[in-house]
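J.: give me a model of this one.
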Amino acid sequence: MPTSMSGKVVAITGAARGIGAQTARELARRGALISLIGLEPAELSAVAAELGTDHVWIEADVTDADSIESALDETARRLGGIDVVVANAGVAPFGTVRHHDPGAFTKTVDVNLNGVFHTAGAALPHLVERNGYLLVVSSLSAFAPIGGMAAYTASKAGSEALASALSSETSHLGVDVGSAHPSWIDTDLVREASADLPSFRAMRAKLPWPMHSTTTVEDCARAITTGIERRARRIYVPRSVMLMHWLRNLPASRLVERLMKPTVRRLMPQMESEVAGLGRGFSARNQKLQSGD
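T.: The predicted model follows:
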């Protein structure tokens, strides 16, 4: 049965695994033509083969403006244009600000914020041509910060603000811009952090509803795809995250601070010790990926 995505060309960054790969599968199921963009050629090739011969994959780095521009230009050339771009590429480092690896913090901002900027800049000429849609994958963390995730929170808050500014800048051009705000999604990124840091698991368990809930990657992809079909301004995964958007000052309130203080006092030193023991700022896979080895 034809859907509103039938024949639409969608380019997705960070498409090798997790939310990006599963959203690609869901969009392809609804008839879209997919360009999978990322840094892991073997994984990208495997997802593209799974989707079928009408879909393509391109290796590119969102932190390199020329690289992502080339990837989107190639997408348009091979698939006949671009209707939707999903700026999904992202990383999440470990550690508190007091004991943070400066390189990991800088790299996180470069991927999660500067990468969105580069992707949007390269995408806009194509999206203007087709009255298209840009979706920035931000996070619940953009308006519900927690300790031990300062770099991720800052970068995702920045990407949300960038999406809001872009929405104002491009509406007269016929381009809609939205931001997606997933909570904890059952992906490699979350599983690897949980495996590396017992303190991370304990912190998540103590967070108040809806900040601690976990969503399957399949449900997340369905919600994002439905949002893309609607050209939504914001997509919340799960929908209860909407409450945190409207109560965005609550996580930083004195009340929540008092409630979480015993947990934070115990777990922050534990997290710092665990990260120091790991000797790296990212999960093992992401550390290798970001270093280019």
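
J.: going forward, measure contacts and count neighbours with C-alpha atoms only.
T.: Fine.

J.: so for the host helix or strand of Val86, what's the average pLDDT?
T.: For Val86, the element it lies in under DSSP states H and E is strand 84-87. Strand 84-87 shows a mean pLDDT of 98.

J.: what's next to it, contact-wise?
T.: Applying Cα atoms under 8 Å, 6 or more residues apart in numbering, the contact partners of strand 84-87 are 8-14, 116, 119-120, 123, 127, 132-137.

J.: what of stretch 18-35?
T.: For stretch 18-35, contacts defined as Cα under 8 Å, 6+ apart pick out 2-3, 5-15, 36, 47, 51, 54-58, 75, 79, 88-89, 187-189, 217-218, 220-222, 224-225.

J.: could you turn the buried ones of the residues you listed into a ChimeraX selection?
T.: Buried residues among these (16 or more other Cα atoms under 10 Å), as a ChimeraX selection:
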select :5,7,8,9,10,11,12,13,14,15,36,47,51,55,56,57,58,75,79,88,89,189,217,218,220,221,222,224,225
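
J.: so which of the contacts of stretch 18-35 are in strands?
T.: 9-13, 36, 56-58 (DSSP state E).

J.: all helices in this structure, in order from the N-terminus.
T.: Assigned by DSSP state H, the helices in the chain fall at 18-29, 41-51, 65-79, 102-109, 115-130, 150-170, 188-196, 198-206, 217-230, 241-246, 254-278, 284-291.

J.: separation between Met149 and Ala24?
T.: As judged by Cα to Cα, to the nearest Å, Met149 and Ala24 stand 27 Å apart.

J.: the two: which is more packed in?
T.: Remark: of Met149 and Ala24, Ala24 carries more neighbours, 29 against 18, as counted by other Cα atoms under 10 Å.

J.: check that one and give its pLDDT.
T.: For Ala24, the pLDDT comes out at 98.

J.: likewise for Ser141?
T.: With respect to pLDDT, Ser141 has a value of 86.

J.: heads up, I number from 115, so please use that
T.: Right, with 115 as the first residue, what we last looked at is Ser255.

J.: touching, it and Ala271? I think so.
T.: Yes - Ser255 is within contact range of Ala271, at 7.3 Å (criterion: Cα atoms under 8 Å).

J.: which residues touch the residue nearest to Arg244 when sequence neighbours are not counted?
T.: Excluding its sequence neighbours, the residue lying closest to Arg244 (Cα to Cα, 6 or more residues apart in numbering) is Asp197, at 5.9 Å. The contact partners of Asp197, taken as Cα under 8 Å, 6+ apart, are 122-124, 240-241, 244-247.
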